[in-house]
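**Student:** no FASTA, just this:
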């Protein structure tokens, strides 16, 4: 154990009764990272303990816990996963996926700037990880080479999402003493000014990092952090070709677009930036696999004694001038003068030489004709085919559905990325057919549930539930509609709810008594009902032709199409008129009124002479409705 580990107070501690801290990995201004073992799951993890200065910031711990929990839900191949978070002895900590390999910063220190092809390859993977984070509502805020890891297999992963912030969180206010998190050389102008930030802030930082990968330097540097901050706000980023002339114009363009001062002038998302990088990649020469460039394995340093020993061992197989052959220290040794070497020994030597020669030739042929399959994930089918063709490989395509990659985008290849294959071999590309979706068909409407279920099953869909609803046009028991509706695009095995018809909805019989048959017929027809006159009767309380009663009665609920039976009045009943001619006036009136008639008297002469009835209208013996008026003439 080195002195740094020996002096570190956290080495050997057990956090949360679960994580055993074993080794210091890195130390920064905001946090220290250790290699630890998760005793519960038996796996190696990276444990980040935040600096004590951050613990005192108002609301920091509460925000850290809340946002770290949300970040743990973010899973993507290009993102270092957050497994757990907690607080131990007032120190907030994160438990993250342990990634063996090195950072992009390590590669810059040891090898200087990257070629345009390698820089774009790294940034392309970074932007895929950022796109997933932005879709989940996070903005990283601290993109830089130190936070980009590369595995021994050449996979690029973005780390430190545990310190990310919700995209729509309120901006930090320097007046409250809040800490400005991030690295000044990569902060966007809006971060420096502590304004509202979103995914375009990460676009800016990634553009700055791409500038550094291409040139070996950040565009803005100064003696004080404030000087650098003001440069971000006030100065334009120069094109990388100003420092590195071999950077193509297409790459200059995407760097300058990503680092515009105003967020509205940049790429509006990491996905748009990624697409531009893919297009720019077509304008740069192909390069060897990324794993041959990055220092993915630790360098072994030999001291002078080791070198001397190695040189000695390299010389242990030799033939001496006297014909002695020595095979290593303490190995087999023979002293055979050349004059005593038998013919069998000479033949054996020749055969051995031939075998070695054939082996060397075979090794040369096999290795010189083997090509490493590049990482084609995220490229278009056309671009991937071109890349493979340029390095001597053929292509076949197998379409498959993908929930994350658009149509025509490469998901993976067989053989896999970074595998060595013979030149001229065929690489099968698994190309996205887009999201697997099935359209809810229209031919399930109007059929019985069993037939609808069979139709849906042919499309990988199932019937998950049935409901009932009234329908004027679909017969009872047949499918009226579906949920989701017909024409909707749904995933494989989605459960579909069938809504079955209960027949037409019932209607209320309107009040039609007192109406004529013609008027009532129109009223009933307006709600889908019919009218049938079943009888006509005399009714002293109604006018002839009026509807007296209905069956069913008004206000009843009935099915559409029901016939309402009605009784129609023939008016009051008829009674015979008594003959009162010749009778005294008072007696005539009494006789008529006794039969329910109304009596109207009329005197033509103006003077009553005999006070008797001269004539009557209607005449005696006529049948008229009860209550009719009878006019009598008196003299």
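**Tutor:** Received it, and whenever you're ready, just let me know what you need. From a predicted model like this one, the values you see are computed outputs, not experimental measurements.

**Student:** From now on I want contacts and neighbour counts done on CA atoms only, so please keep to that.
**Tutor:** Will do.

**Student:** can you list contacts of the strand or helix carrying residue 131?
**Tutor:** Using DSSP states H and E, residue 131 sits within helix 116-135. Helix 116-135 has contacts (C-alpha atoms under 8 Å, 6 or more residues apart in numbering) with 74, 76-79, 139-140, 148, 156-158, 167, 199, 202, 206, 210, 213-214, 247-248, 251, 269-271, 273-274, 277-278, 281, 284-287, 290.

**Student:** which of those residues count as buried?
**Tutor:** For these, a neighbour count by 16 or more other C-alpha atoms under 10 Å gives the buried set as 74, 76, 78-79, 139-140, 148, 156-158, 167, 199, 202, 206, 210, 213-214, 247-248, 251, 269-271, 273-274, 277-278, 281, 284, 290.

**Student:** For the stretch 101-250 of the chain, which segments count as helices?
**Tutor:** Applying DSSP state H, counting those that start in this stretch to the stretch 101-250 of the chain gives helices spanning 104-111, 116-135, 189-192, 199-215, 225-234, 249-258.

**Student:** To residue 403, which of the ones you listed lies closest?
**Tutor:** Residue 403 sits nearest to helix 116-135 of all the helices of the stretch 101-250 of the chain, at 12.4 Å, using C-alpha to C-alpha.

**Student:** And that closest one, what's buried?
**Tutor:** Within helix 116-135, the residues that count as buried by 16+ other C-alpha under 10 Å are 116-134.

**Student:** what's the answer for stretch 12-32, then?
**Tutor:** Buried residues in stretch 12-32 (16+ other C-alpha under 10 Å): 14, 15, 19, 20, 21, 22, 23, 24, 31, 32.

**Student:** So for these, which is the shakiest by pLDDT?
**Tutor:** Ranked by pLDDT, the buried residues of stretch 12-32 bottom out at residue 31 (78).

**Student:** and the nearest residue to that residue once chain neighbours are set aside, how far is that from residue 65?
**Tutor:** Excluding the flanking residues, the one nearest residue 31 by C-alpha to C-alpha, 6 or more residues apart in numbering is residue 50, at 4.2 Å. For residue 50, the distance to residue 65 equals 12 Å [C-alpha to C-alpha, to the nearest Å].

**Student:** can you pull out the strands in the stretch 51-200 of the chain?
**Tutor:** For the stretch 51-200 of the chain, the strands defined by DSSP state E, counting those that start in this stretch cover 82-88, 91-97, 102-103, 138-139, 148-150, 156-158, 165-166.

**Student:** Out of these, which gets the lowest mean score?
**Tutor:** Lowest mean pLDDT of these: strand 165-166, a mean of 50.

**Student:** returning to what we had before: what sits against the residue nearest to residue 31?
**Tutor:** Counting by C-alpha under 8 Å, 6+ apart, residue 50 has contacts 30, 31, 32, 91, 92, 93.

**Student:** For the second one, which residues are in contact?
**Tutor:** Listed by C-alpha under 8 Å, 6+ apart, the contact partners of residue 31 are 48, 49, 50, 51.

**Student:** Of those residues, which is the nearest to residue 503?
**Tutor:** residue 48 (66.1 Å).

**Student:** so what pLDDT did the closest one get?
**Tutor:** As summarised for this prediction, residue 48 has a pLDDT of 88.

**Student:** And residue 59, by the same measure?
**Tutor:** 66.

**Student:** buried ones in stretch 569-584?
**Tutor:** Within stretch 569-584, judged by 16+ other C-alpha under 10 Å, the buried ones are 569, 570, 571, 572, 575, 577, 578, 579, 580, 581, 583, 584.

**Student:** so which strand or helix has residue 482?
**Tutor:** With DSSP H and E as the criterion, residue 482 is inside strand 479-483.

**Student:** Partner strands of that strand, with direction?
**Tutor:** strand 495-501 (antiparallel) (DSSP bridges).

**Student:** What lies in contact with the partner strand?
**Tutor:** Strand 495-501 is contacted by residues 449, 461-471, 474-484 when judged by C-alpha under 8 Å, 6+ apart.

**Student:** Please apply the same query to stretch 393-410.
**Tutor:** Under the contact criterion C-alpha under 8 Å, 6+ apart, stretch 393-410 has outside partners 376-381, 384-385, 388-389, 411, 423-436.

**Student:** Low-confidence stretches in the stretch 201-350 of the chain?
**Tutor:** Within the stretch 201-350 of the chain, the set of residues satisfying pLDDT under 70 comprises 286-350.

**Student:** Looking at the helices of the stretch 101-250 of the chain, which is nearest to residue 607?
**Tutor:** Nearest of the helices of the stretch 101-250 of the chain to residue 607, taken as C-alpha to C-alpha: helix 116-135 at 111.6 Å.

**Student:** Just the angle for the closest one relative to helix 249-258, thanks.
**Tutor:** 30 degrees (axes from the mean of the first three to the mean of the last three C-alpha atoms, to 10 degrees).

**Student:** ok now helix 116-135, how far from the chain's centre?
**Tutor:** Relative to the centre of its chain, helix 116-135 is centred 19 Å away, using C-alpha atoms, centre = their mean, to the nearest Å.

**Student:** average pLDDT across it?
**Tutor:** For helix 116-135, mean pLDDT is 93.

**Student:** and the contacts of stretch 393-410, which of them are in helices?
**Tutor:** When the contacts of stretch 393-410 are checked against helices (DSSP state H), the matches are 381, 384, 385, 388, 389.

**Student:** In ChimeraX, how would I select the buried members of these?
**Tutor:** The ChimeraX selection below is limited to those of these classed as buried (16+ other C-alpha under 10 Å):
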select :381,384,385,388
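
**Student:** Go through the ones in helices among the contacts of stretch 393-410 and say which is closest to residue 223.
**Tutor:** Nearest to residue 223, judged by C-alpha to C-alpha, of the ones in helices among the contacts of stretch 393-410 is residue 384 at 45.0 Å.

**Student:** ok, for the closest one, nearest residue in space, not its chain neighbours?
**Tutor:** Spatially, and ignoring its direct neighbours in sequence, residue 384 is nearest to residue 376 (6.1 Å; C-alpha to C-alpha, 6+ apart).

**Student:** Check the burial of the one you found by counting its neighbours.
**Tutor:** Residue 376 has 22 neighbours, counted by other C-alpha atoms under 10 Å.

**Student:** hang on, residue 75 packs against residue 81?
**Tutor:** Yes: the criterion here is C-alpha atoms under 8 Å, and residue 75 meets it with residue 81 at 6.2 Å.

**Student:** Please say which of these two ends up with more neighbours.
**Tutor:** Legend: neighbour count by other C-alpha under 10 Å for residue 75 and residue 81, higher for residue 81 (24 against 15).
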